[in-house]
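A.B. asks: mind looking at a prediction? Sequence and model below.
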Amino acid sequence: MVKYLGSKRLLVPAILEVVRSFPEVRTVVDLFSGTSRVGHALKGAGYRVFANDHNAYAAVLARGYVQADAERWQADAERLVAELNELPGAPGWFTRTYCEEARFFQPQNGARIEAIRAAIAKKGLDPELEAVLLVALLEAADRVDSTTGVQMAYLKQWARRSFNPLRLRVPALLPRSPHGAGEAHERDALEAAARLPADLAYLDPPYNQHKYLGNYHIWETLARGDTPEVYGVARKRVDCRERGSRFNETRGAAGAMRALLAAVRAPRLVVSFSDEGFIAREEMEAMLAEHGPVRVLAHDYKRYVGAQIGVFNPQGERVGEVSHLRNTEYLYVVG
C-alpha cells in the first residue's frame, strides 16, 4: 500500500484484537478509510466492511481493497496488469506538471504513469475492476516517487528508488466476507455515518492541521483522471485551497467529533487518535463516555520520517528543528 501520513500499519494488529473482543460484530463501518489498510485487514479477518472517505483517491483504494473481491476480479486483473506493463510512455500534462515543473517522478516514469492512466480510462471497465487497476497504478507510482512520503514537496536530490522503472503489480485482493459484500463510499463522514449502520464503527479522523488532500494531491489527480489548475512549487490542485474539514481546525475539531458521534449508527466504537491531535485525551474520553463505557489503549511510536528530518520551506531550505521524535497513538474503545 502507498506510503501514508497517519498510516495504521503498526496499529492494525491491536485494532483487530479490539474488534475480535466483540464476538457479535459482523459488520464494520470505517468512516475515514484513507488507504484502506484497516478496512483491508478487517475484510481479511472475515468482517463485512463499509469504507468511506471524501477524497477520490481514498474511495478508489477502498473500491479496490474492500469492495472488489478476488474470486471475481483476480484473473482479469492479472491479465490487464500484464498488458499495461507493456505500454510505452506518453508524456503530456502529467509528465510536464509533476516531472518537469515539479520533480516528484523521473520523466520516464511520469510518461508511463500518464500512458497507463489514459489506457485504463479508455477501457470502459466495471468500476470495481477499474479501481483495482488504479490501485495498482497508485502503488507503482508510490514505489518510484521522490518524496519523504507526502506530496507537500519533493526531495532536492532524486531518491534512489525514483530511478527504478515503473512496474504494476496486482493488488492483494481478498475473497468476499461470509457476511456480505464490502462497500466503498465517497461521502462526507457525517453523511456516511448517518447512512451506513454497522455493528461497530471505526473512526480515524484527521488529528490536526495537516490536510490529506494537500499531502496526496497527485493521487487525487490520478484517481480523478483530470488535469486541474495547479499552483505553487508542489503544483497542488487548486481545490486543495477550497476543500477542507472541520477536523483540521483547532476550534472546530471537537465540535465535528461530537456531531459525528451523534450521527454514528453503531453500538460499538473504536476511535483512533493521536496525542498530537487537537482533541486532548481527557476531552475525547469525556465525549465518548456519553455513548458508553470507555477504555483506552495507548501505543508509543516513532513519528513518520518527514517529521524527523526537520522543517523545510518550499525552496528546500531548513527553517526549523524537530520538537519530538515519538508520539502516542490512542485507541478509544466504547461499548
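C.D. replies: Perfect, thanks for sending it.

A.B. asks: from now on I want contacts and neighbour counts done on CA atoms only, so please keep to that.
C.D. replies: Will do.

A.B. asks: show me where the stretch 1-150 of the chain has strands.
C.D. replies: Assigned by DSSP state E, counting those that start in this stretch, the stretch 1-150 of the chain shows strands spanning 27-30, 48-52.

A.B. asks: now those strands in CSV, with mean neighbour count, distance to Arg72 and mean pLDDT?
C.D. replies: What follows is the strands of the stretch 1-150 of the chain, written out as CSV (neighbours: other CA atoms under 10 Å; distance: least, CA to CA, whole Å; pLDDT from 0 to 100):
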stretch, mean neighbour count, distance to Arg72, mean pLDDT
strand 27-30, 26, 21, 98
strand 48-52, 29, 17, 98
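
A.B. asks: tabulate those strands in TSV, adding columns for distance to Gln108.
C.D. replies: Output for the strands of the stretch 1-150 of the chain, formatted as TSV (distance: least, CA to CA, whole Å):
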stretch	distance to Gln108
strand 27-30	37
strand 48-52	34
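
A.B. asks: these: which one's closest to Glu17?
C.D. replies: strand 27-30 (13.8 Å; CA to CA).

A.B. asks: show me the contact partners of the closest one.
C.D. replies: 39, 47-52, 179, 196-204 (CA atoms under 8 Å, 6 or more residues apart in numbering).

A.B. asks: where along the stretch 151-300 of the chain do the strands fall?
C.D. replies: 183-185, 200-203, 230-231, 236-237, 268-274, 294-302.

A.B. asks: hey, which of these is tucked in deepest?
C.D. replies: Of all the strands of the stretch 151-300 of the chain, strand 200-203 has the most neighbours on average by mean count of other CA atoms under 10 Å, namely a mean of 25.

A.B. asks: taking the mean pLDDT, what do you get for that one?
C.D. replies: What strand 200-203 shows for mean pLDDT is 98.

A.B. asks: which strands and helices sit next to that strand?
C.D. replies: On a contact count with 3 or more CA pairs under 8 Å, 6 or more residues apart in numbering; DSSP states H and E, strand 200-203 meets strand 27-30, strand 268-274.

A.B. asks: in its sheet, what does the longest one sit against?
C.D. replies: Each strand that pairs with strand 268-274, with its direction, by DSSP bridges: strand 200-203 (parallel), strand 326-334 (antiparallel).

A.B. asks: quick one on the thing from earlier: select, out of the strands of the stretch 1-150 of the chain, the one closest to Leu190.
C.D. replies: Judged by CA to CA, the one of the strands of the stretch 1-150 of the chain that comes nearest to Leu190 is strand 48-52, at 10.5 Å.
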